[in-house]
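**Q** sequence below, structure please.
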Amino acid sequence: MIAKSGSKRWVAAADAAARKAGVHIGMPAAKAQALLRGLMLVDADVVADAASLERITLWALTIYSPVVAVDGVDGIVIDTEGADHLQGGELAMVTKIANQFLARKLTARVAVADSWGAAHACARAISRETVIVPSGETVRAVEKLPVSLLRLPTKVVSDLRMLGFQTIGELANTPRAPLTLRFGPEIGRRLDQMFGRVSEPIDPIRTADLIEVSRAFAEPIAAAETIDKYVGRLVVQLIEELQRRGLGVRRADLIVEKVDGTRQAIRAGTVKPVRDVAWLTKLFRDRTEKIEPGFGIEKLTLAAVMAEPLEEHQASSMLAEDEVADVTPLIDIYGNRGQRVYRVAPVASDVPERSVQRISAVADPIGVAWVSHWRRPVRLLARPELIEAIALLPDRPPVSIVWRGTRRKVMRADGPERIFGEWWQRDAEMEAVRDYFIVEDERGERLWIFRSGDGIDPATGSHRWFMHGIFA
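**A** Numbers count the residues shown, from 1 in each chain. Take a look at the predicted model:
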């Protein structure tokens, strides 16, 4: 992809094949074309790229953190402090982000670090998909990275290279005064931001249709009671605005802006749209104790980042009605503590691991029913586990198996139940089959095992045995 400014044209992006041939970002377009014969050059659409990046940023805002912003022309920055536990921790979070991009055939590099500057540099320098810089290890992680990753103007980077500076470490270990005298305070500011010596607040992305209310304070507040009081007032204002628009809130963010320029965010979510002032206030007040006011809070902002239509339900006029237990408040509490609450539902598939899906805990009933003419275990393993088995082919059950290092003698067995591969899913399952057996060992434990293949034709499977489930 070629970017241009006047008569100057350079490489703005390159696919894997072009990079392998030596094409890199910033290379003059003419040089890249001469380097690789038949190279396809496509003009970059700056406006469309910026719009796509904004959509990705808004997507991240609704899922990962209350504080998300565009980072340059090719990235986004997310303040995950206090929000990563909702995704299962930092490792689970970055893995999930990378996998979601891969599922859409997009390549992403995800980095977590103590500062925006360090994460920005590491995400653009790593060759793998994810990296987590341990807390306190920023200097070691960035000292060998090029000065171009310090977010300095192109002219400054070019001049620094002319002076012999190649890495961030070399620049950081140079006396500050001569650099400031020649280039101004920008180099020192970027170094201090990268190493966390000065704060660099992220101005979160907002859209025109985002519903939010705020309260600024002439005198900073810090007491917990005062914070709770104003949070309650903001909730009332937000609910009033939602009611005017016929909406209910699914996810709301409380942005705390402090006098030192830093921000702290708290997120509360619900499994279905709500406009209950008392309940939403409780969800936030349960977490406001985590707010660290520092030298004081100068502004509170409450935003409904996810809102959905909500219809008013008229109460029944019947004198007596059946009581229906509403468990959504309990689900909300667990969800805001980082727990995942869901239901399992059947899927029309004969392959056991494909016959189950996770759905929202409050989702409407679905029409598909469980297949009941074959017995199924109460616990299905996340993935089949390879076992050793002694059995006569092609259709005899095993006489003994070894699972997780323990040998089990098979006392009783039932089967086989043959399950065919789903050829419409992938070509490799055109002839694939599995033969399932229910076996009971000497301790009375009943297990669900299968042999890959029909026991005769190697094209149907490897003929190896697997453990797949446990019966009650």
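
**Q** now do the helices in this structure.
**A** Under the criterion DSSP state H, helices of the chain are mapped to 16-20, 29-35, 46-63, 90-103, 116-125, 138-142, 154-162, 168-172, 176-183, 186-194, 224-245, 277-285, 328-336.

**Q** now render these as JSON lines, adding distance to Ser400, mean neighbour count and mean pLDDT.
**A** In short, each C-beta sits where N, CA and C put it, glycine included. Compiled in JSON lines, these are given as follows (distance: least, C-beta to C-beta, whole Å; neighbours: other C-beta atoms under 10 Å; pLDDT from 0 to 100):
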{"stretch": "helix 16-20", "distance to Ser400": "49", "mean neighbour count": "12", "mean pLDDT": "82"}
{"stretch": "helix 29-35", "distance to Ser400": "63", "mean neighbour count": "15", "mean pLDDT": "85"}
{"stretch": "helix 46-63", "distance to Ser400": "48", "mean neighbour count": "15", "mean pLDDT": "90"}
{"stretch": "helix 90-103", "distance to Ser400": "38", "mean neighbour count": "15", "mean pLDDT": "89"}
{"stretch": "helix 116-125", "distance to Ser400": "52", "mean neighbour count": "22", "mean pLDDT": "94"}
{"stretch": "helix 138-142", "distance to Ser400": "52", "mean neighbour count": "19", "mean pLDDT": "93"}
{"stretch": "helix 154-162", "distance to Ser400": "68", "mean neighbour count": "14", "mean pLDDT": "92"}
{"stretch": "helix 168-172", "distance to Ser400": "61", "mean neighbour count": "19", "mean pLDDT": "94"}
{"stretch": "helix 176-183", "distance to Ser400": "73", "mean neighbour count": "13", "mean pLDDT": "92"}
{"stretch": "helix 186-194", "distance to Ser400": "61", "mean neighbour count": "20", "mean pLDDT": "94"}
{"stretch": "helix 224-245", "distance to Ser400": "63", "mean neighbour count": "16", "mean pLDDT": "93"}
{"stretch": "helix 277-285", "distance to Ser400": "54", "mean neighbour count": "18", "mean pLDDT": "89"}
{"stretch": "helix 328-336", "distance to Ser400": "43", "mean neighbour count": "17", "mean pLDDT": "73"}
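
**Q** in CSV, list those along with distance to Leu310.
**A** Output for the helices of the chain, formatted as CSV (distance: least, C-beta to C-beta, whole Å):
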stretch, distance to Leu310
helix 16-20, 47
helix 29-35, 53
helix 46-63, 17
helix 90-103, 28
helix 116-125, 36
helix 138-142, 45
helix 154-162, 50
helix 168-172, 50
helix 176-183, 55
helix 186-194, 42
helix 224-245, 8
helix 277-285, 13
helix 328-336, 13
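
**Q** which of those sits closest to Met306?
**A** helix 46-63 (5.4 Å; C-beta to C-beta).

**Q** contacts for that closest one?
**A** 3, 68-70, 73-76, 78, 204-205, 207, 251, 305-306 (C-beta atoms under 8 Å, 6 or more residues apart in numbering).

**Q** how about the helices of the chain, which one is nearest Val439?
**A** Closest among the helices of the chain, once you apply C-beta to C-beta, is helix 90-103, at 35.0 Å.

**Q** just the CA trace of the closest one, in PDB.
**A** Presented in PDB, the C-alpha positions along helix 90-103 are these (Å, rounded to 0.1, in the frame of the first residue of the first chain):
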ATOM      1  CA  GLU A  90      -3.700  -9.700  31.200                       C
ATOM      2  CA  LEU A  91      -2.700 -12.900  29.400                       C
ATOM      3  CA  ALA A  92      -6.200 -14.000  28.700                       C
ATOM      4  CA  MET A  93      -7.100 -10.500  27.600                       C
ATOM      5  CA  VAL A  94      -4.300 -10.000  25.100                       C
ATOM      6  CA  THR A  95      -4.700 -13.500  23.700                       C
ATOM      7  CA  LYS A  96      -8.400 -12.900  23.200                       C
ATOM      8  CA  ILE A  97      -7.800  -9.600  21.400                       C
ATOM      9  CA  ALA A  98      -5.200 -11.200  19.100                       C
ATOM     10  CA  ASN A  99      -7.500 -14.100  18.300                       C
ATOM     11  CA  GLN A 100     -10.500 -11.900  17.600                       C
ATOM     12  CA  PHE A 101      -8.400 -10.100  14.900                       C
ATOM     13  CA  LEU A 102      -7.100 -13.400  13.500                       C
ATOM     14  CA  ALA A 103     -10.700 -14.700  13.200                       C
END
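
**Q** other SSEs contacting it?
**A** strand 110-112, strand 130-132 (3 or more C-beta pairs under 8 Å, 6 or more residues apart in numbering; DSSP states H and E).

**Q** tilt between it and helix 46-63?
**A** Following axes from the mean of the first three to the mean of the last three C-alpha atoms, to 10 degrees, one obtains 140 degrees for the angle between helix 90-103 and helix 46-63.

**Q** what does helix 90-103 contact?
**A** By C-beta under 8 Å, 6+ apart, helix 90-103 touches 64, 80, 84, 87, 107-108, 110-112, 129-130, 132.

**Q** out of these, which are buried?
**A** 64, 80, 84, 87, 108, 110-112, 129-130, 132 (16 or more other C-beta atoms under 10 Å).

**Q** so where's the stretch 251-400 of the chain shaky on pLDDT?
**A** For the stretch 251-400 of the chain, applying pLDDT under 70 flags the ranges 311-325, 336-339, 367-373.

**Q** quick one on the thing from earlier: which one of the buried ones among the contacts of helix 90-103 is nearest to Glu219?
**A** The closest of the buried ones among the contacts of helix 90-103, once distances to Glu219 are taken by C-beta to C-beta, is Thr80, at 31.2 Å.

**Q** touching, the closest one and Ala113? I think so.
**A** No: with contact defined as C-beta atoms under 8 Å, Thr80 does not reach Ala113; the gap is 10.5 Å.

**Q** before we move on, back to that, which of the helices and strands packed on helix 90-103 sits closest to Asp435?
**A** Per C-beta to C-beta, nearest to Asp435 of the helices and strands packed on helix 90-103: strand 130-132, 39.5 Å.

**Q** quick one: residues in contact with the closest one.
**A** Contacts for strand 130-132 (C-beta under 8 Å, 6+ apart): 90-91, 94-95, 97-98, 109-112, 122-123.

**Q** closest one of the residues you listed to Phe450?
**A** Scanning the contacts of strand 130-132 for proximity to Phe450, where the rule is C-beta to C-beta, the winner is Thr95, at 29.3 Å.
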